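Asker: The sequence isn't on hand, but the structure is:
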Ligand code: BTN
């Protein structure tokens, strides 16, 4: 059933030992009138959801698995900012608790080095539910905290402890995350809040300025330079012929330029794709391992 505590900062935290998906639980509670600020945390998920319909798997007790109900008064086109503020707050919390600050990879990944340590999934409730001025948005994040790299991630994921060499308490990470998120949400409600948060995301987004590979949902692949982030959250990618695309739903991989013996940089083959923590197969079904 879950235990309810009301911490400072206006969040009501409900804890589960195990659950299918904290995002699913928050969505269900939103449909029955839960107010903004509801936070659901679990030690383990059996059906964690990832971006682009993937699954998110975790080792029980090793990850921060948390979902938050927001009712931002924002246009649908501005909802990317919900993902952005959670990613910013989580990156700061990692720094406070582990001394390492994950980079932000567009649109929803937190990286330590080249390895994913956390992912964020924002879902807008449809059909809309009443109970607030704006749409109900569930923002969930999974962060790999303890132990070694999640199994089956083929070197694409890491944990906070593995990357920092420091012991990290998940409850401390949650407290630091919520403490950092609260003022960001308050700021979002102010006139300049949206451009301020997007501006900070742009400054801290490791994807901007990088050469990237874009894999579209239909399997097409393109390479280009990530040159901008639109206000609606789409990534602007400029191809070598100068043409631009605004990318919303696609896989984006940071490319590395290697200097071969003749001095001409070339791009390496892509590593096997997995979002963060744990699991494999390319598709279907795709798993974005979280923790
Ligand atoms: C991704 O990188 O694909 C996003 C993963 C988001 C996973 C988190 S874990 C807590 C919350 N509940 C879910 O079912 N998913 C999110």
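Answerer: Noted; the coordinates are in hand. Computed from a predicted model, the values in this text were never measured in an experiment.

Asker: can you pull up the bridge partners for the residue in the chain positioned nearest to the ligand?
Answerer: Residue nearest to the ligand within the chain (C-beta to the nearest ligand atom): residue 119, separated by 2.0 Å. C-betas here are computed from N, CA, C, even on glycine. The residues paired with residue 119 through beta bridges, assigned by DSSP bridges, are residue 109, residue 142.

Asker: Surely it and residue 52 touch.
Answerer: No - counting by C-beta atoms under 8 Å, no contact exists between residue 119 and residue 52, whose distance comes to 10.9 Å.

Asker: of the two, who's got more company?
Answerer: Each of residue 119 and residue 52 has its neighbours counted (other C-beta atoms under 10 Å); residue 119 has more, 31 against 14.

Asker: Okay, buried residues for the one helix or strand residue 122 maps to please.
Answerer: Using DSSP states H and E, residue 122 sits in strand 115-124. Residues of strand 115-124 classed as buried by neighbour count (16 or more other C-beta atoms under 10 Å): 115-123.

Asker: Report the mean per-residue pLDDT for that strand.
Answerer: Averaged across strand 115-124, pLDDT comes to 96.

Asker: Next: stretch 235-246.
Answerer: Per-residue pLDDT values over stretch 235-246 give a mean of 96.

Asker: correct me, but residue 253 touches residue 212?
Answerer: Yes - with the criterion set as C-beta under 8 Å, residue 253 and residue 212 qualify as a contacting pair; they are 6.3 Å apart.

Asker: who has more neighbours, these two?
Answerer: When neighbours are counted by other C-beta under 10 Å, residue 253 and residue 212 differ, and residue 212 comes out ahead with 23 against 19.

Asker: Make sure that one is indeed in a strand.
Answerer: Yes - when the secondary structure is assigned by DSSP: H, G, I helix; E, B strand; the rest coil, residue 212 falls within a strand.

Asker: pLDDT score for it?
Answerer: Taken from the predicted model, the pLDDT recorded for residue 212 is 97.

Asker: ok, what's across the strand from it?
Answerer: residue 224, residue 254.

Asker: Let me see the contact set for it.
Answerer: With contacts defined as C-beta atoms under 8 Å, 6 or more residues apart in numbering, residue 212 is in contact with 223-226, 237, 252-255.

Asker: from those, which two are the most distant?
Answerer: 225 and 253 (13.4 Å; C-beta to C-beta).

Asker: mind checking how far stretch 22-41 is from the chain centre?
Answerer: Relative to its chain's centre, stretch 22-41 lies at 18 Å (C-alpha atoms, centre = their mean, to the nearest Å).

Asker: list the buried ones in that stretch?
Answerer: Within stretch 22-41, the residues scored as buried using 16+ other C-beta under 10 Å are 22-27, 29-30, 34, 36-41.

Asker: Which stretches in the protein count as helices?
Answerer: 22-31, 80-98, 160-164, 170-188, 193-204 (DSSP state H).

Asker: just those helices: most buried one?
Answerer: helix 80-98 (a mean of 23; mean count of other C-beta atoms under 10 Å).

Asker: Which strands and helices lie in contact with that one?
Answerer: strand 103-105, strand 109-112, strand 115-124, strand 137-144, helix 160-164, helix 170-188, helix 193-204 (3 or more C-beta pairs under 8 Å, 6 or more residues apart in numbering; DSSP states H and E).

Asker: Touching, residue 48 and residue 59? I think so.
Answerer: No - with the criterion set as C-beta under 8 Å, residue 48 and residue 59 do not qualify as a contacting pair; they are 11.7 Å apart.

Asker: If you count surrounding residues, which of those two has more?
Answerer: The neighbour count for residue 48 versus residue 59, taken as other C-beta under 10 Å, is higher for residue 48 (31 against 19).
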